[in-house]
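Q: sequence first, predicted coordinates after that:
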Amino acid sequence: MDKISHLWRLIVADIPREQYKAIFSICLVDYFLMMGYSINRPISQSIFLSAFTEKGLPYAWLFVAIVCAAAVAILNKLLNKFDIIRLYSASAALTALTMALITAGHYFPQESFIYKASAFLSFALKDIYVVILLEQVWSYCNLIFNNKSAAKLYGFFTAIGTIGSLCGNLAVSQLSQVLGSSNLLWGASIGIGLSAYLFLARERGAEKRLTGGGTKLERTEHGGTAILFKSKYLFFMALLVLFMQLVINLLDFQFNGLVKNVIPAEDARSSFFGYFYMSINGLALLIQIVLAPIMLKKLGAMKSLWLAPILLTVAAIAIIAMPMLTIVAGAMVLAKGLDYSLTRAAKEMLYLPLTFEEKYKAKAVIDMFIYRTAKGVASGLLILLPFITGSVALFSGILTLISLGGWFGALIGLKVTEPKPLDAA
């Protein structure tokens, strides 16, 4: 207990006491949100592959991109009338209810339309809600914390979310073959519902109280896209997110195809995905605890963002040379492990010098719409690949290298257009 108290004092040192409640609330929300997502992801992925195989992935990703575009437009409109906390709680409650209805569809016969529709929607919804809900939490963090607080807290927040993910993945890996994949999906709805309640109950009215980030809460009728294109810095941020996600989705397509061929049984595949994502979360937690604090403190956010594309370039070349499940799975663990830890914390810190509308409206376009538009772009390329070349694996590997080149270019653009940071409060 003394060690925990000492760790807490180190984390909150020099942070205003009125923000302690917000820190605790964000930790709870992160934990339950990511636990629910980590229960949903491996199970819905396994069920989807049973219903549609990996050939259905591009069409699901295209659907996700379209729905995310509509969701961003709606959220930006609602932001002019409601605060972030109420928007998050309403979004999370609606997501939990929708997921519960979709889960009920998994109990119909596998050849039925309802089962296939629920398999498709369950797989697509996980990619939609995790972005929409998680980005709202990060927008809230960017609103109330300044640079100094963010450097201490953002790695801690991602670590708490990773612990939630580990618990969710552990449950799936151990219980999917005992209880059945569909039965476990109810845990995802419960976790997300809890995050909605906790955020609203503990943080009601906090947007008016907490201004540690130094951000003026000025709202206008400008849309996120208009704000985005007024700033070269935000434009390069959008390109960064686009190319990052293109790389990850191209790797993900190759990975799912190999897994479907190697592990044909649905519950066994759910168990495998549970262990696989647990490995990702384990690496992410290790990076968050050991590597991220050192790199963010010594190198800063901008330089820390170079680590992922450098390592993934090496991995992409290895996959082209030897397209085996172990190598592709290793590349995915590396890509997602960094994306959930160092890259996430460093990228969020790049938003800190910006205005409220840039942090929320433009960020919503970048980290919700552009993030999932990358899936749409990847899906379009993957749908066309069989008509262009007989070697889909080779061509997708080449596209991955090209996307990595765009990733490096976006980082250079961000450095050139980087605004001055806000003074620490």
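A: Perfect, thanks for sending it.
Q: quick one: the most centrally placed residue in the chain and Pro419, what's the gap?
A: Geometric centre of the chain, nearest residue: Val131, 5.4 Å, by Cα atoms, centre = their mean. Distance, Val131 to Pro419, using Cβ to Cβ, to the nearest Å: 25 Å. For glycine as for every other residue, the C-beta is placed from the backbone atoms N, C-alpha and C.
Q: next, the contact list for the residue nearest to the centre of the chain, please.
A: Contacts of Val131 were listed using Cβ atoms under 8 Å, 6 or more residues apart in numbering, and they are 68, 367-368, 371-372.
Q: switch to 6 Å and redo it
A: Contact analysis of Val131 by Cβ atoms under 6 Å, 6 or more residues apart in numbering lists 368, 371.
Q: pLDDT at it, what is it?
A: Val131 is assigned a pLDDT of 81 by the prediction.
Q: where does the protein have its least confident helix or strand?
A: Lowest by mean pLDDT, DSSP states H and E among the helices and strands of the chain is helix 206-209, with a mean of 51.
Q: just to revisit the earlier point, give me the buried positions along the strand or helix carrying the residue nearest to the centre of the chain.
A: For Val131, the host element (DSSP states H and E) is helix 113-144. Judged by neighbour count (16 or more other Cβ atoms under 10 Å), helix 113-144 contains these buried residues: 115-116, 118-144.
Q: and if you look at stretch 186-204?
A: 187-200, 202-203.
Q: same thing with stretch 362-376?
A: So stretch 362-376, judged by 16+ other Cβ under 10 Å, has buried residues 362-376.
Q: ends of it, what's the gap?
A: Stretch 362-376 has an end-to-end distance of 20 Å (criterion: Cα to Cα, to the nearest Å).
Q: show residues contacting that stretch.
A: Taking Cβ under 6 Å, 6+ apart as the rule, stretch 362-376 contacts 61-62, 64-65, 68-69, 72, 75, 131-132, 135, 139, 224-225, 227-228, 234, 237-238, 241-242, 245-246, 249, 351.
Q: do stretch 238-258 as well
A: Here stretch 238-258 makes contact (Cβ under 6 Å, 6+ apart) with 54, 57, 325, 328, 331-332, 335, 366, 370-371, 374-375, 378, 382, 396, 399-400, 403-404, 406-407, 410.
Q: of those, which belong to strands?
A: Among those, DSSP state E puts none in strands.
Q: show me which of these are buried.
A: The neighbour count (16+ other Cβ under 10 Å) marks 54, 57, 328, 331-332, 335, 366, 370-371, 374-375, 378, 382, 396, 399-400, 403-404, 406-407, 410 as buried among the contacts of stretch 238-258.
Q: where does the stretch 151-300 of the chain have low pLDDT?
A: Counting by pLDDT under 70, the stretch 151-300 of the chain shows low-confidence ranges at 200-223.
Q: if we go to 80?
A: Scanning the stretch 151-300 of the chain for pLDDT under 80 picks out 151-152, 155, 175-178, 180-182, 197-225, 266-267, 270.
Q: for it, just list every one of the strands.
A: Using DSSP state E, counting those that start in this stretch, no strands are assigned anywhere in the stretch 151-300 of the chain.
Q: list the contacts of Val29.
A: Per Cβ under 6 Å, 6+ apart, neighbours of Val29: 137, 195, 198-199.
Q: closest one of the residues you listed to Gly36?
A: Nearest to Gly36 out of the contacts of Val29 is Ser195 (Cβ to Cβ; 7.2 Å).
Q: would you check that that closest one makes contact with Ala92?
A: Yes - with contact defined as Cβ atoms under 6 Å, Ser195 reaches Ala92; the gap is 5.3 Å.
Q: didn't Leu342 look like it was pressed against Ala292?
A: Yes - shown here, Leu342 and Ala292 form a contact pair, counting by Cβ under 6 Å, at 4.5 Å.
Q: what's around Ala268, how many residues?
A: Neighbourhood size, Ala268 [other Cβ atoms under 10 Å]: 13.
Q: excluding its backbone neighbours, what's nearest it?
A: Once flanking residues are discounted, Ala268 sits nearest to Gln177: 6.7 Å by Cβ to Cβ, 6 or more residues apart in numbering.
Q: swap in Ala171?
A: Spatial nearest neighbour of Ala171, chain neighbours left out: Ile39 (6.2 Å); criterion: Cβ to Cβ, 6+ apart.
Q: ok, the closest residue to Ile287 other than its chain neighbours to Ile402 distance?
A: Leaving aside its chain neighbours, Ile287 sits nearest to Ser341 (4.1 Å; criterion: Cβ to Cβ, 6+ apart). Ser341 sits 26 Å away from Ile402, going by Cβ to Cβ.
Q: which of the two has more neighbours?
A: Counted by other Cβ under 10 Å, Ser341 and Ile402 do not tie: Ser341 has more neighbours, with 27 against 15.
Q: in contact with the more buried one, which residues?
A: Contact analysis of Ser341 by Cβ under 6 Å, 6+ apart lists 158, 284, 287-288, 292.
Q: tell me the SS of the closest residue to Ile114 other than its chain neighbours?
A: Nearest residue to Ile114, sequence neighbours excluded (Cβ to Cβ, 6+ apart): Phe108, at 4.4 Å. Judged by DSSP: H, G, I helix; E, B strand; the rest coil, the three-state class of Phe108 is coil.
Q: any idea of the pLDDT on Phe108?
A: Looking at Phe108, the pLDDT reads 89.
Q: kindly report the same for Ile4.
A: Per-residue confidence (pLDDT) for Ile4: 56.
Q: how many other residues sit next to Thr297?
A: No Thr there; residue 297 is Lys. A count of nearby residues for Lys297, using other Cβ under 10 Å, gives 12.
Q: what of Tyr340?
A: 23.
Q: what sits closest to it if chain neighbours are left out?
A: Distances taken as Cβ to Cβ, 6+ apart put Ala284 closest to Tyr340, at 4.1 Å, once the chain neighbours are dropped.
Q: thank you, goodbye.
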